[in-house]
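[1] With the input below, show me the fold.
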Amino acid sequence: MLIDQVKIKIKAGNGGDGRVNFYHDRQRPKGGPDGGDGGDGGSVYFEAHSDVGLLAQFRYQKKLFAENGDQGGKNQKTGKNAPDLILKVPVGTVVNYDNGTSLELNKPAQLALAARGGRGGRGNYSYRSAINQTPKEFQPGQVTEVKNIHLQLKLIADVGLLGLPNAGKTSLLNCLTKANAKVADYAFTTLEPNLGVTPEEHYVLADIPGLISGASYGKGLGHRFLAHVERTKILIHCLSAESSDPKADYQTIVDELANYSLKLSQKPNLLLITKSDFLPSISDRQKFAFLKPDLFVSIHDPKSLLSLKKLIGKKLI
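    Purely as a prediction, here's the structure:
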């Protein structure tokens, strides 16, 4: 199961406390202050990787805290700095803070600072002076705060396949790419987005679970995943040749996109009549003419698939 959003708590490490210490030995019974500074706490970073399933690691592990810096030592020794905590997330992850700010990781290996570690405090050696030769002051390490984070994955694909349930989107994805997504002759076979890459052109296609009327308000499954097509360059509306009411079915998808996001509804798009093998004659295709579809396509018609690839290429260019 694809985990595309999760809430976690992160915390950078506290800085180590400075130390109060006075050196003494036989030769120097009053050697003076030598308490060292505390070490810095570990910072928290997010690092982008190509594995879309990485958010699953946070499904049960909700608290991710970096280590604290060590306390300062004797002989002016600074405490050890804590290691940074690097959390791996999928490329396309949006990091939302509870204060309303956010950051995005859109490139592999991109590293983003999420919480800076606390600074180590000063030891009493740092407080020595001609006036104060035996300082007992020290500075506590900086204490960091827990941050509430909402991680949301928005897949980065060139093309998004949209349509009602059982519109042939997944079959189309499998034929155009090397994907091997589940296909069946019942609605809602696709329960999460599927990705595929065309072998020659290397276009990334995303197949989104079927939308139904009211999806933008939370009905069905597809509404959860509309965010995944926000970054696509083009959308492909898949309308089944088996549709008994093409106008209503097409309008359902158009309305749901507009209700979800005006930006999404204005993206460049193609209208495909899928399963065109159910329309053997020209007269059978006339009932779709008023929609002015860009192409009739069938997974059993290699020529139509080739035409679709060329059409996608032109649209992307």
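[2] Could you check which helix or strand contains the closest residue to His49 other than its chain neighbours?
    Spatial nearest neighbour of His49, chain neighbours left out: Lys88 (5.1 Å); criterion: Cβ to Cβ, 6 or more residues apart in numbering. From N, CA and C alone the C-beta is placed, and that goes for glycine too. Per DSSP states H and E, Lys88 falls inside strand 85-90.
[3] Centre-most residue in this structure?
    Thr93 (1.9 Å; Cα atoms, centre = their mean).
[4] which residues does it form a beta bridge with?
    Counting by DSSP bridges, Thr93 forms beta bridges with Leu105, Leu153.
[5] I'd assumed Leu153 was in contact with it.
    Yes: Thr93 is within contact range of Leu153, at 5.4 Å (criterion: Cβ atoms under 8 Å).
[6] what sits in contact with each of these two?
    Residues touching both Thr93 and Leu153 (Cβ atoms under 8 Å, 6 or more residues apart in numbering) are Leu55.
[7] what stretches of this protein score poorly on pLDDT?
    Along the chain, the parts satisfying pLDDT under 70 run over 1-2, 179-192, 210-225.
[8] What are the structural domain limits within it?
    5-153, 159-316 (automatic domain parsing).
[9] Quick check: the residue nearest to His49 touching Leu54?
    Yes: because the distance of 5.3 Å satisfies Cβ under 8 Å, Lys88 is recorded as touching Leu54.
[10] And the two? Which one has more around it.
    Shown here are Lys88 and Leu54; by other Cβ atoms under 10 Å, Leu54 has more neighbours (20 against 14).
[11] OK, contacts around the more buried one?
    Contacts for Leu54 (Cβ under 8 Å, 6+ apart) come out as Lys88, Val89, Pro90.
[12] Torsion angles phi and psi at it?
    With angles defined as degrees, to the nearest 10, Leu54 sits at phi -70, psi -20.
[13] roughly how far apart are it and Val204?
    Note on Leu54: its distance to Val204, by Cβ to Cβ, to the nearest Å, is 17 Å.
[14] Would you mark the buried spots in stretch 23-30?
    For stretch 23-30, the neighbour count (16 or more other Cβ atoms under 10 Å) marks Tyr23 as buried.
[15] Ok, stretch 111-119 next?
    Neighbour counts using 16+ other Cβ under 10 Å place Ala112, Ala114, Ala115, Arg116, Gly117, Gly118, Arg119 of stretch 111-119 among the buried residues.
[16] Restricted to strands, list those.
    Using DSSP state E, Ala112, Ala114, Ala115 are the members of the buried residues of stretch 111-119 that sit in strands.
[17] So the first one sits against Tyr97, correct?
    No: shown here, Ala112 and Tyr97 do not form a contact pair, counting by Cβ under 8 Å, at 11.8 Å.
[18] OK, contacts around the closest residue to Leu55 other than its chain neighbours?
    Closest residue to Leu55 apart from its sequence neighbours, by Cβ to Cβ, 6+ apart: Ile3 at 4.4 Å. Contacts for Ile3 were tallied using Cβ under 8 Å, 6+ apart; they are Gly53, Leu55, Ala56, Phe58, Arg59, Leu153.
[19] Determine which two of the residues you listed are furthest apart.
    Maximum pairwise distance among the contacts of Ile3 (Cβ to Cβ): 12.9 Å, between Arg59 and Leu153.
[20] Between the two, point out the one with more neighbours.
    Leu153 (24 against 11).
[21] And that one, how far from Gly53?
    From Leu153 to Gly53 the distance is 10 Å (Cβ to Cβ).
[22] Residues in contact with both of those two, list them for me.
    Shared contacts of Leu153 and Gly53, defined by Cβ under 8 Å, 6+ apart, are found at Ile3, Pro90.
[23] OK, contacts around the residue lying closest to Ser102 once chain neighbours are set aside?
    If you skip the residues right next to it in sequence, Ser102 has Asn96 as its closest partner in space, 4.6 Å away by Cβ to Cβ, 6+ apart. Contacts for Asn96 (Cβ under 8 Å, 6+ apart) come out as Ser102, Ile149, His150, Leu151, Gln152.
[24] can you redo these as CSV with distance to Phe290 and neighbour count?
    Converted to CSV, the contacts of Asn96 look like this (distance: Cβ to Cβ, whole Å; neighbours: other Cβ atoms under 10 Å):
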residue, distance to Phe290, neighbour count
Ser102, 42, 12
Ile149, 48, 23
His150, 43, 14
Leu151, 44, 22
Gln152, 38, 17
